[in-house]
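>>> what's the 3D shape of this:
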Amino acid sequence: MFFYYSLVRIRKLLKVTPAMEAGVIDHLMTLEDLVALINEREYQLKESN
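Predicted structure coming up:
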């Protein structure tokens, strides 16, 4: 849920996501983007073991 809140959900007061406001990302991410990041990280962890 934290990732969704920070990377995907636009805050009405800020008009951007918290991650965009903080300069962590420069574009609005979709749920598909978030799932792709999770899948990529899981693959990297499996490959390193």
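>>> C-alpha coordinates for the helix or strand harbouring E47, PDB please?
Secondary-structure assignment from DSSP states H and E places E47 in helix 31-48. Listed in PDB are the C-alpha atoms of helix 31-48, where the atom choice follows Å, rounded to 0.1, in the frame of the first residue of the first chain:
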ATOM      1  CA  LEU A  31      -0.400   0.100 -11.300                       C
ATOM      2  CA  GLU A  32       1.100  -1.800 -14.200                       C
ATOM      3  CA  ASP A  33       4.400   0.100 -13.800                       C
ATOM      4  CA  LEU A  34       4.400  -0.800 -10.100                       C
ATOM      5  CA  VAL A  35       3.700  -4.500 -10.800                       C
ATOM      6  CA  ALA A  36       6.500  -4.500 -13.400                       C
ATOM      7  CA  LEU A  37       9.000  -3.000 -10.800                       C
ATOM      8  CA  ILE A  38       8.000  -5.700  -8.300                       C
ATOM      9  CA  ASN A  39       8.300  -8.500 -10.800                       C
ATOM     10  CA  GLU A  40      11.700  -7.200 -12.000                       C
ATOM     11  CA  ARG A  41      13.000  -7.000  -8.400                       C
ATOM     12  CA  GLU A  42      11.800 -10.500  -7.600                       C
ATOM     13  CA  TYR A  43      13.600 -11.800 -10.700                       C
ATOM     14  CA  GLN A  44      16.800 -10.100  -9.700                       C
ATOM     15  CA  LEU A  45      16.600 -11.600  -6.200                       C
ATOM     16  CA  LYS A  46      16.000 -15.100  -7.600                       C
ATOM     17  CA  GLU A  47      19.000 -14.700 -10.000                       C
ATOM     18  CA  SER A  48      21.300 -13.600  -7.300                       C
END
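>>> can you give the contact residues for that helix?
Residues outside helix 31-48 that contact it (Cβ atoms under 8 Å, 6 or more residues apart in numbering) are 3-4, 7-8. No exception for glycine: its C-beta is placed from N, CA and C like everyone else's.
>>> in helices, which of these fall?
Counting by DSSP state H, the part of the contacts of helix 31-48 found in helices is F3.
>>> with that, I have no additional questions.
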